[in-house]
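Student: only geometry, no sequence info:
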């Protein structure tokens, strides 16, 4: 109960918004940094195998398509934080439970449907982008094994949204970091020890995302939690579904369109050769070390805005946006200054192919 009051104080009443925002945002920063670091570790192990150029190019081609499918979970995650936090801020806890139940149900169904669609669409889309030979084989293998994680990542996104709407940024982070650590260990075993290549890297990621879901479900239905669910909340209430969808659509469309642009860009880059595509992949993974932590602020900001609007405090919601903007700008500038001198070392460590190294860091 004390922890719940502390979160409410930070969201609604703490006068120092920078202090309040950083207390809630730092765990999410850490979790997203670990996700970006995990992608870097995957790139490192894939970059050391015999066909590293084709493998890295195949993984690079697959990411925009994965992100298009993941845009739905991002959209509903944003909607979950916004709607549930606003209801909690207004003191309507039972309505918040109803919306959380609909969010979880939709996440399970949509994740399963998109799993099947991605599995079936992978060969055709990759071939349409111009992939062939080993690059096509690697990209399809990676996409198909990663498709089986979608139901699990959708459930986790719903859990994360429900917890963050309450101001709990720590529990999702603990689970996320646990998944990342398992992923790193399994990637090392699958790629380096068992020689499973990109399939092994994708399998490690899928397993890491799946293993934390039972804990998420337990916490969602645990009656000792501040906002728990039971079976009666797991029914599709159309008015609630329409509201969640209306909020989710802009966020999902924004990410999907951005990823579609990268899909086209990746096809153009592939026309310059496999090693250029592999180099582009390395650059993206390094830049994500900065991008992912900054993006984490969006979910924290959504909880601030939602709860304060629900509580009738629009001015505090506006101030929270300004704090989020300023912190994000400072993190981006500081991170860029730190990473730029290390670019050559990172590129050399992430691939064993000299042509890829030259394309990724041509000024060295």
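Tutor: Received the coordinates, thanks. Small disclaimer: the values here were computed from a predicted structure and weren't measured.

Student: give me the number of residues near the residue lying closest to residue 349 once chain neighbours are set aside?
Tutor: Leaving aside its sequence neighbours, residue 349 sits nearest to residue 44 (CB to CB, 6 or more residues apart in numbering; 6.4 Å). Placement of C-beta: from N, CA and C, glycine included. Using other CB atoms under 10 Å, residue 44 has 18 other residues around it.

Student: kindly report the same for residue 117.
Tutor: 13.

Student: just the element for it, please.
Tutor: Element membership for residue 117 (DSSP states H and E) is helix 93-128.

Student: quick check: which ranges of the stretch 1-150 of the chain have low pLDDT?
Tutor: Within the stretch 1-150 of the chain, the segments meeting pLDDT under 70 span 1-13.

Student: residue contacts, residue 270?
Tutor: Taking CB atoms under 8 Å, 6 or more residues apart in numbering as the contact definition, residue 270 lies against 57, 61, 129-131, 135, 276-277.

Student: quick one: the helices in the stretch 51-200 of the chain, in order.
Tutor: All helices of the stretch 51-200 of the chain, identified by DSSP state H, counting those that start in this stretch, fall at 52-89, 93-128, 133-147, 150-165, 170-187, 197-211.

Student: does residue 39 touch residue 285 like I think?
Tutor: Yes - Residue 39 lies in contact with residue 285 (CB atoms under 8 Å); the separation is 5.0 Å.

Student: about what we covered before: tell me the secondary structure at the residue nearest to residue 349.
Tutor: helix (DSSP: H, G, I helix; E, B strand; the rest coil).

Student: pull the number of nearby residues for residue 235.
Tutor: 11.

Student: who touches residue 217 in this structure?
Tutor: 155, 159.

Student: list the helices and strands the helix holding residue 117 packs on?
Tutor: helix 52-89, helix 133-147, helix 150-165, helix 238-270 (3 or more CB pairs under 8 Å, 6 or more residues apart in numbering; DSSP states H and E).

Student: between it and helix 238-270, how many degrees?
Tutor: 30 degrees (axes from the mean of the first three to the mean of the last three CA atoms, to 10 degrees).

Student: chain center to helix 93-128: distance?
Tutor: The chain centre lies 14 Å from the centre of helix 93-128; the measure is CA atoms, centre = their mean, to the nearest Å.

Student: likewise for stretch 73-91?
Tutor: 17 Å.

Student: may I see the buried residues of that stretch?
Tutor: Neighbour-count burial for stretch 73-91 flags 73-90 (criterion: 16 or more other CB atoms under 10 Å).

Student: any idea how far residue 194 is from the closest residue to residue 191 other than its chain neighbours?
Tutor: Nearest in space to residue 191, with sequence neighbours left out and distances taken as CB to CB, 6+ apart, is residue 45 at 4.2 Å. Distance, residue 45 to residue 194, by CB to CB, to the nearest Å: 11 Å.

Student: so between the two, which is more surrounded?
Tutor: More neighbours surround residue 45 than the other of residue 45 and residue 194, with 23 against 13 (other CB under 10 Å).

Student: what's the distance between the residue nearest to residue 191 and residue 267?
Tutor: 26 Å.

Student: again with residue 25
Tutor: For residue 25 relative to residue 267 (CB to CB), the value is 36 Å.

Student: tell me which of the two has more neighbours.
Tutor: Using other CB under 10 Å, the more surrounded residue of residue 25 and residue 267 is residue 25, with 23 against 17.

Student: contacting residues around the more buried one?
Tutor: With CB under 8 Å, 6+ apart, residue 25 has these contacts: 169, 296-297, 300, 327.

Student: again, 10 Å this time
Tutor: Contacts for residue 25 (CB atoms under 10 Å, 6 or more residues apart in numbering) come out as 169, 293, 296-297, 299-301, 304, 323-324, 327-328, 331.

Student: which positions in whichever helix or strand residue 26 is part of come out as buried?
Tutor: Using DSSP H and E, residue 26 sits within helix 17-46. Neighbour counts over helix 17-46 (16+ other CB under 10 Å) mark 17, 20-21, 23-46 as buried.

Student: ok, stretch 302-310 next?
Tutor: For stretch 302-310, by 16+ other CB under 10 Å, it's 302-310.

Student: returning to what we had before: how about CSV for the helices of the stretch 51-200 of the chain, with distance to residue 317 added?
Tutor: Below are the helices of the stretch 51-200 of the chain laid out as CSV (distance: least, CB to CB, whole Å):
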stretch, distance to residue 317
helix 52-89, 10
helix 93-128, 18
helix 133-147, 37
helix 150-165, 14
helix 170-187, 22
helix 197-211, 32
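
Student: which stretch among those comes nearest residue 355?
Tutor: Closest of these to residue 355 is helix 52-89, at 7.5 Å (criterion: CB to CB).

Student: now the closest one, how far from the centre of its chain.
Tutor: Relative to the chain's own centre, helix 52-89 is displaced by 5 Å; criterion: CA atoms, centre = their mean.

Student: just stretch 348-364 next, same as before
Tutor: The answer for stretch 348-364 is 27 Å, by CA atoms, centre = their mean.

Student: cool, stretch 41-49 as well?
Tutor: On CA atoms, centre = their mean, the centre of stretch 41-49 falls 20 Å from that of its chain.

Student: dump the residue contacts of residue 90.
Tutor: 96, 306-307, 309-312.

Student: ok, now with 6 Å
Tutor: residue 310 (CB atoms under 6 Å, 6 or more residues apart in numbering).

Student: and it, how far from residue 137?
Tutor: Taken as CB to CB, the span from residue 90 to residue 137 is 53 Å.

Student: try residue 327
Tutor: In terms of CB to CB, residue 327 sits 43 Å off from residue 137.

Student: could you do residue 319 as well?
Tutor: 52 Å.
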